[in-house]
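Turn this into a model:
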Amino acid sequence: MIAFLVALIGAYALISHYAYSHPEAKGWGAALSVGPIVLIGIVLAWRWTPRYVAGVLSAALLAVTIWTWPILEAHYQWSDLVQQAGAYAFVALGFARSLRGDEVPTCTQLAAQLHGPPSPAEAAYLRRATGVWAVFYALLSVAIIIVFFAASAHTWSLFVNFGTFALIAILFFADHSWRYRVLPRRAGGIRATVLLALTGAGRAKRPPE
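Okay, here's the model as predicted:
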């Protein structure tokens, strides 16, 4: 599962960067930028509205996309900016919202699924870790916007398609390494942690105290 997800993300990043590097490949870039938005819109229409309404909305959305395709293809970078910055901002908001009131912090939820309910010391650390991830993703979203306006399209593409994943990986391994030192029972295996974070699967049995 992890290999498939990594391959899928890698293929997306490579094709997206290729589109930014080769003007004749703008169609690929536009498809990758607009396609997920259109797909999400169709899925939500079928999930939240009656079938006949969903059918009409889906057809209308596809028709508008086809009709405006020349404009979308020429200016897909703006759609890509909204998609990239918005996605990380949404993730940051999810981490931040889990810190409110009686909500369970996101890192605590993931760790509890792997190891069971945390101790008070573990819960305190996991809450702080959730705050760090919230700030990290918020800063990443801001950085994406800054690089978009301050650097060339080629540089921006390198950053969003490869640099962001490298930064996420660095923080993930730093968090995992530090957690292993201070809270060994919370660390778990990297593979299980990644699989759980991405898919919700990979739950491990709680080790004996």
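
contacts, neighbours, all on C-alpha from now
OK.

what's the model's confidence in stretch 90-107, averaged?
The average pLDDT within stretch 90-107 is 91.

What lies in contact with it?
126, 127, 129, 130, 131, 133, 134, 135, 136, 137, 138 (C-alpha atoms under 8 Å, 6 or more residues apart in numbering).

Repeat the analysis, applying 6 Å as the threshold.
126, 127, 130, 134, 137, 138 (C-alpha atoms under 6 Å, 6 or more residues apart in numbering).

Put together a markdown table for those residues, with pLDDT on each row.
Shown next, in a markdown table, are the contacts of stretch 90-107 (pLDDT from 0 to 100):
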| residue | pLDDT |
| --- | --- |
| 126 | 87 |
| 127 | 90 |
| 130 | 93 |
| 134 | 95 |
| 137 | 96 |
| 138 | 96 |
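
can you put the residues you listed in CSV and add secondary structure, neighbour count and distance to residue 75?
CSV is the format used below for these (DSSP: H, G, I helix; E, B strand; the rest coil; neighbours: other C-alpha atoms under 10 Å; distance: C-alpha to C-alpha, whole Å):
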residue, secondary structure, neighbour count, distance to residue 75
126, helix, 24, 42
127, helix, 18, 41
130, helix, 22, 36
134, helix, 25, 30
137, helix, 22, 26
138, helix, 21, 25
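
can I see the domain layout of this structure?
1-74, 77-209 (automatic domain parsing).

tell me which residues in stretch 73-88 are buried?
Across stretch 73-88, burial judged by 16 or more other C-alpha atoms under 10 Å covers 73, 76, 77, 79, 80, 81, 83, 84, 85, 86, 88.

Quickly find the element holding the fourth one.
It refers to residue 79. Residue 79 is part of helix 76-97, with elements assigned from DSSP states H and E.

Ok, the first one next?
Counting by DSSP H and E, the element that carries residue 73 is helix 69-74.

Now do that helix: distance to the chain's middle.
Mean-position distance between helix 69-74 and its chain equals 25 Å (C-alpha atoms, centre = their mean, to the nearest Å).

now what about that helix, what contacts it?
Contact with helix 69-74 is made by 27, 30, as judged by C-alpha under 6 Å, 6+ apart.

try 7 Å this time
The contact list for helix 69-74, computed with C-alpha atoms under 7 Å, 6 or more residues apart in numbering, reads 26, 27, 30.

Out of the residues you listed, name the ones that lie in helices.
Cross-referencing those against helices under DSSP state H gives 26, 27, 30.

what would those residues look like in a markdown table with neighbour count, distance to residue 46 and pLDDT?
Converted to a markdown table, those look like this (neighbours: other C-alpha atoms under 10 Å; distance: C-alpha to C-alpha, whole Å; pLDDT from 0 to 100):
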| residue | neighbour count | distance to residue 46 | pLDDT |
| --- | --- | --- | --- |
| 26 | 21 | 30 | 70 |
| 27 | 17 | 27 | 73 |
| 30 | 23 | 24 | 75 |
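
Just put these in TSV and tack on distance to residue 50.
Converted to TSV, the ones in helices among the contacts of helix 69-74 look like this (distance: C-alpha to C-alpha, whole Å):
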residue	distance to residue 50
26	36
27	33
30	30
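
low pLDDT regions in the chain?
1-6, 8-10, 14, 18, 20-22, 24-25, 182-209 (pLDDT under 70).

Thanks a lot, see you next time.
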